[in-house]
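J.: how would this look folded up:
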Amino acid sequence: MFRGKRKFIVMAAAGTAAVVAAGTAYAMWSAGGSGNGTSKALSAQAITVTAATGSADLYPGFSGGDLSFTLSNSNPYPVNLTTMTTTAITSSSPVACPASNLTVTTPATVSIPLAAAATNVATTVADVATLASAAPDGCQGVTFTVALTLSGIQTP
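T.: Below you'll find the predicted structure:
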């Protein structure tokens, strides 16, 4: 006789525990929210172009001189510089060899890849400088500084 009651008590206790557990789970409240978040784009930093000493390859009438410089990219992404323009040319000896003795041709195409966070990357644009045929002896050993602007785009 006790066997039936024990089964019933055990079953009743198990059922009560299930109801209590379900009640506990049901009693927990859900939570949520809404609002705004922000994300901000950085401001691109200019590429630094610095004159560098290249090889001494100019002589009167030669039109294959190189233009040497270093580049630094402080941006966190790589770029490819695709255009180059030049403006002023100065001479390290303007009296003995005026800057007018040098001309620089803007290349039709330029492709200068520059890594993210690159520093002092030596770069040469070949065969763009021409020393005048009538350049005086005072041009020997002279360094010409060419102001230039490079531009391009971010690369993946």
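
J.: how many other residues sit next to the closest residue to residue 74 other than its chain neighbours?
T.: Once flanking residues are discounted, residue 74 sits nearest to residue 45: 4.6 Å by C-beta to C-beta, 6 or more residues apart in numbering. All C-beta spots, glycine's among them, are computed from the backbone N, C-alpha and C. For residue 45, the neighbour count with other C-beta atoms under 10 Å is 11.

J.: now do the one 4 residues further on
T.: Number of residues near residue 49 (other C-beta under 10 Å) recorded here: 17.

J.: re earlier: looking at it, the residue nearest to residue 74 is touching residue 75, isn't it?
T.: Yes. Contact criterion C-beta atoms under 8 Å: residue 45 and residue 75 qualify, at 5.3 Å.

J.: hmm, which helix or strand of the protein has the shakiest average pLDDT?
T.: helix 2-27 (a mean of 54; mean pLDDT, DSSP states H and E).

J.: What segments of the protein are strands?
T.: Under the criterion DSSP state E, the chain carries strands at the ranges 48-51, 65-72, 79-91, 102-104, 112-114, 121-131, 144-154.

J.: could the ones you listed go into TSV alongside mean pLDDT and distance to residue 32?
T.: Below are those laid out as TSV (pLDDT from 0 to 100; distance: least, C-beta to C-beta, whole Å):
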stretch	mean pLDDT	distance to residue 32
strand 48-51	95	49
strand 65-72	96	48
strand 79-91	96	43
strand 102-104	97	65
strand 112-114	97	47
strand 121-131	96	51
strand 144-154	96	38
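
J.: Those: which one's closest to residue 40?
T.: Among those, the nearest to residue 40 by C-beta to C-beta is strand 144-154 (17.3 Å).

J.: and that closest one, what does it pack onto?
T.: Counting by 3 or more C-beta pairs under 8 Å, 6 or more residues apart in numbering; DSSP states H and E, the packing neighbours recorded for strand 144-154 are strand 48-51, strand 65-72, strand 79-91, strand 102-104.

J.: and the end-to-end length of stretch 42-57?
T.: 42 Å (C-alpha to C-alpha, to the nearest Å).

J.: neighbours of the residue lying closest to residue 59 once chain neighbours are set aside, just the number please.
T.: Leaving aside its chain neighbours, residue 59 sits nearest to residue 131 (6.3 Å; criterion: C-beta to C-beta, 6+ apart). For residue 131, the count of nearby residues is 21 (other C-beta under 10 Å).
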